[in-house]
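> sequence and predicted structure, then a few things I'm wondering about:
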Amino acid sequence: MQGNNKELVGLSGVKRMFIWLSMVTLAVVLAGCAAKAKISENPTPHATVMDLGPSVAQLENGQQGFVIRENPNMDSESRSEFERAVSLMSEGKNDKAIELLAKVIERQPGVTAPYINIAVAYMRTNKPEQAEQNLKTALGLFPAHPVASNEYGLFLRKAGRFKEAREVYEKEITRFPEYLPVHKNLGILCDLYLNDPVCALQQFEIYSEGMPSDPQVKTWIAELRMRPGR
């Protein structure tokens, strides 16, 4: 059983998140899995800003990954500060990033990406209460936001709040079933923390069907199918 690998998979996507969220200036947030699997290496989506509700769509033209669309209406100054904060986070300067993101949030309280990034920065600086508050705010603005839900599920799992993490993932799947990364992380949660192999196998199979290029999940599926009682 490769439990240690799954633990790493569930926590390793934070770095890539900075890239996804920096694309809010195009009204697009790339959403990949909080995992080592290569869901979207170098996607080049194009989207027109439209006055529509939030949506998730697969990339086209053979690309692997997802696009989250919303209309953020972020002004140029906030955009610049947001991008600077993203760079600071990638350099490990999370306290300075928090200062900038707080300013962006003050001016642009209706945009989800700054709340998600500041939550990640707070988690990195060991401030879980502030992290949770900002993730909840993002989810209040955009219910079941795929990236926010994924990060909140990981946050809850790390805090040992496994039942709550499952509820977050299941709510996200109900709202956006095409967002495969949450299927994968729910599978990890069910397998390693909830002792629910039926749930784990189901979620891994859904993920693998949509993302067949991930060999690690295929290995986990084979292991689950070989367990006694199956």
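Received, thanks. Numbering: from 1, shown residues only.
> which elements pack onto the strand or helix carrying residue 83?
The secondary structure element spanning residue 83 is helix 76-90 (assigned by DSSP states H and E). Using 3 or more C-beta pairs under 8 Å, 6 or more residues apart in numbering; DSSP states H and E as the contact criterion, the secondary-structure elements in contact with helix 76-90 are helix 14-22, helix 94-107, helix 112-124. For every residue, glycine as well, the C-beta is placed using N, CA and C.
> just those: most buried one?
helix 112-124 (a mean of 26; mean count of other C-beta atoms under 10 Å).
> closest one to residue 212 among the helices and strands packed on helix 76-90?
Distances from residue 212 to each of these were compared using C-beta to C-beta; the minimum, 20.4 Å, belongs to helix 14-22.
> and the closest one, what's its mean pLDDT?
This predicted structure assigns helix 14-22 an average pLDDT of 33.
> likewise stretch 160-180?
93.
> tell me the buried residues in it?
Neighbour-count burial for stretch 160-180 flags 162, 165, 166, 168, 169, 171, 172, 173, 175, 176, 179, 180 (criterion: 16 or more other C-beta atoms under 10 Å).
> which parts of stretch 125-139 are buried?
131, 132, 134, 135, 137, 138, 139.
> looking at those, which is nearest residue 103?
residue 134 (14.2 Å).
> show me the shaky parts of this structure.
1-72, 229-230 (pLDDT under 70).
> show me where it has strands.
Using DSSP state E, the strands assigned to the chain run over residues 28-30, 55-58, 66-69.
> and the helix holding residue 83 with helix 94-107, angle?
160 degrees (axes from the mean of the first three to the mean of the last three C-alpha atoms, to 10 degrees).
> grab the nearest non-local neighbour of residue 157.
If you skip the residues right next to it in sequence, residue 157 has residue 165 as its closest partner in space, 4.5 Å away by C-beta to C-beta, 6 or more residues apart in numbering.
> list the contacts of the one you found.
Taking C-beta atoms under 8 Å, 6 or more residues apart in numbering, we find residue 165 in contact with 152, 153, 154, 156, 157, 189, 193.
> can you lay out those as CSV showing neighbour count?
CSV is the format used below for the contacts of residue 165 (neighbours: other C-beta atoms under 10 Å):
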residue, neighbour count
152, 25
153, 29
154, 24
156, 21
157, 23
189, 26
193, 17
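> and those residues, which is closest to residue 204?
The shortest approach to residue 204 among the contacts of residue 165 belongs to residue 189, at 11.5 Å (C-beta to C-beta).
> I'd guessed that closest one sits against residue 164; true?
No. Taking contact to mean C-beta atoms under 8 Å, the distance of 10.6 Å between residue 189 and residue 164 leaves them out of contact.
> hmm, back to that, out of the helices and strands packed on helix 76-90, which gets nearest to residue 225?
helix 14-22 (29.9 Å).
> how many other residues sit next to residue 88?
Applying other C-beta atoms under 10 Å, we find 20 residues neighbouring residue 88.
> that one - nearest residue in space that isn't next to it in sequence?
For residue 88, the spatially nearest residue (C-beta to C-beta, 6+ apart) is residue 97, at 4.0 Å.
> check the gap between the one you found and residue 122 for me.
If you measure residue 97 against residue 122 using C-beta to C-beta, to the nearest Å, the figure is 10 Å.
> isn't the residue nearest to residue 88 right next to residue 82, touching?
No. Taking C-beta under 8 Å as the definition, residue 97 is not a contact partner of residue 82, at 9.8 Å.
> please enumerate the shared neighbours of the two.
Here residue 97 and residue 82 have residue 117 as joint contacts, going by C-beta under 8 Å, 6+ apart.
> closest one to residue 222 among the helices and strands packed on helix 76-90?
Put simply, out of those the one that sits nearest residue 222 is helix 14-22, at 26.7 Å, with distance taken as C-beta to C-beta.
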